[in-house]
Structure formats: C-alpha cells, structure tokens
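> Need a 3D model of the following:
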Amino acid sequence: MARMIRPLANLYEQLRRLPGVGSKTAMRLAYHIIDMPEGEVQQLAEALSSAKKSIHYCSQCYNLTDGEKCAICSDPSRDSFTICVVEQPQDIAAMERSHGYNGLYHVLHGVLSPLDGVGPDKLKIRELFQRLQRESISEIIIATNSDVEGEATATYLAQLLKPIGITVSRIAHGLPMGGDLEYADEVTLSKALENRRAM
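Numbers count the residues shown, from 1 in each chain. Take a look at the predicted model:
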C-alpha cells in the first residue's frame, strides 16, 4: 500500500478500530469522508460527539437512553411483571421488532466468559437482583444468545433465580447455534418467545 499522508492515515487507523471494519472498508470510508462536503463532515463529527455525550444507561434496565429512564421503562402500557434479560442494548431492538413481547428488559452488557476475564461482577447481574427487590416481578425470560457463553450465562442466572421463587424461562431457540439475536428475523424471534421453556 502506498504511503498515506498523516491526516488520512490517522483517519484510516481510527476507522479500522471500529468493529466489523476491515482494512479495505476503512480505506474506502476514509476516502469517502475526505470527498464529502465540509458541512457534511462537520455534521458527522457533531453527531458522533453529541451521541457520546448525551447517551448513557437507563437507571432501571441499563438500556441506552438520553433521559433518566429509557422509553420502554417509561411506558406505562408495558407488562411490568415480566423482565426479559438480554446481553446487549441492540438485542432489545431485535426483540422489539418481533412484536411478540410487551414486558420490560434488563441488559447484562455482556456474557460470562472466564477466558476473557468476564465474571459475574463485570455484568449487570447484581443490578438485576436489586431490581427484583424493588419491583414485583413474576417471570424472568432469559434471552441470551445460543452460543457457549450465552448458554453458560443463562444457566448461571437460572441457578441464582430459582431459589427466589420467580418463574424463570429461556427463549426457545429457533435460532441457529452460535447465532446472535441482533441478526434474527422477526418471525423466528416471535416464535422463540412463544415457545420459551422453563429452566
């Protein structure tokens, strides 16, 4: 690859650090940004900065929000007796597209992965149990991915939750093993919710 001028090389390196962006895509994006009108580049920079400054975790479920609580936790029409536990905020968006669930959520922000140094203390598990002390919850639906880490996290949570006397269920996986909720289609997710099983 020909030597790049420093500003272009810096832009390329920053883009390459984004997940899912390889060398070719980073290069293509860098050249595209350089070709954009100054005003559009400024809008992109301001959108990035504004999003980073204004978005934080919901005080109740740890979804992303720009207020104290997210739109789902603030919605009085939601079933407040059921919590669906997911790995990441983007999993909530996938579940909502299925139109098969009307309860609340709790975002763990990861899964158990001892090899990567991720234990229970690195996830929002303690916060989930604090919610259970404050709120009247009758069912917890565990909707972690069907990979090894997701299954281990689901089993760990079920073992902790069962003694409390709350119904614990696991979404049925019409998803392929190793598949992510984020990429599942609406029908598959809806059926997975309908066919959830007790743990």
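
> use CA for all of it now, contacts and neighbours both
OK.

> buried set for the helix ranked longest in the chain?
Secondary structure of the chain read by DSSP state H shows that its longest helix is helix 38-54. By 16 or more other C-alpha atoms under 10 Å, helix 38-54 has no buried positions at all.

> Now find how far off-centre it is within its chain.
Here helix 38-54 is found 23 Å from its chain centre; the criterion is C-alpha atoms, centre = their mean, to the nearest Å.

> Find the nearest non-adjacent residue to the most centrally placed residue in the chain, please.
Geometric centre of the chain, nearest residue: Q88, 1.7 Å, by C-alpha atoms, centre = their mean. Closest residue to Q88 apart from its sequence neighbours, by C-alpha to C-alpha, 6 or more residues apart in numbering: H109 at 5.0 Å.

> Am I right that A152 is in a helix?
Yes - using DSSP: H, G, I helix; E, B strand; the rest coil, the assignment for A152 is a helix.

> Give me the distance between N10 and K162.
In this structure, N10 and K162 are 51 Å apart, going by C-alpha to C-alpha, to the nearest Å.

> same check, this time on A51
39 Å.

> Do a quick rundown of the strands in this protein.
56-57, 64-65, 79-86, 103-107, 139-142, 167-170, 197-198 (DSSP state E).

> Lowest average pLDDT across these?
When the strands of the chain are compared on mean pLDDT, strand 197-198 scores lowest, with a mean of 69.

> contacting residues for the residue lying closest to N102 once chain neighbours are set aside?
Counting by C-alpha to C-alpha, 6+ apart, N102 lies nearest to R78, which is 5.4 Å off, once chain neighbours are set aside. R78 sits next to 72, 102-104 when contact means C-alpha atoms under 8 Å, 6 or more residues apart in numbering.

> among these, who's most crowded?
L104 (22 neighbours; other C-alpha atoms under 10 Å).

> This protein: helices as residue ranges?
Secondary structure of the chain (DSSP H): helices located at 6-16, 23-35, 38-54, 89-98, 125-134, 148-161, 186-194.

> Throw those into CSV and include distance to P114 and mean pLDDT, thanks.
Listed next are the helices of the chain as CSV, based on distance: least, C-alpha to C-alpha, whole Å; pLDDT from 0 to 100:
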stretch, distance to P114, mean pLDDT
helix 6-16, 27, 95
helix 23-35, 30, 95
helix 38-54, 29, 96
helix 89-98, 22, 93
helix 125-134, 16, 95
helix 148-161, 9, 93
helix 186-194, 28, 71
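
> can you tell me which of these comes nearest to D66?
helix 38-54 (5.5 Å; C-alpha to C-alpha).

> hmm, back to that, could you dump the helices of the chain to a markdown table with distance to V118?
Output for the helices of the chain, formatted as a markdown table (distance: least, C-alpha to C-alpha, whole Å):
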| stretch | distance to V118 |
| --- | --- |
| helix 6-16 | 25 |
| helix 23-35 | 29 |
| helix 38-54 | 24 |
| helix 89-98 | 18 |
| helix 125-134 | 12 |
| helix 148-161 | 10 |
| helix 186-194 | 27 |
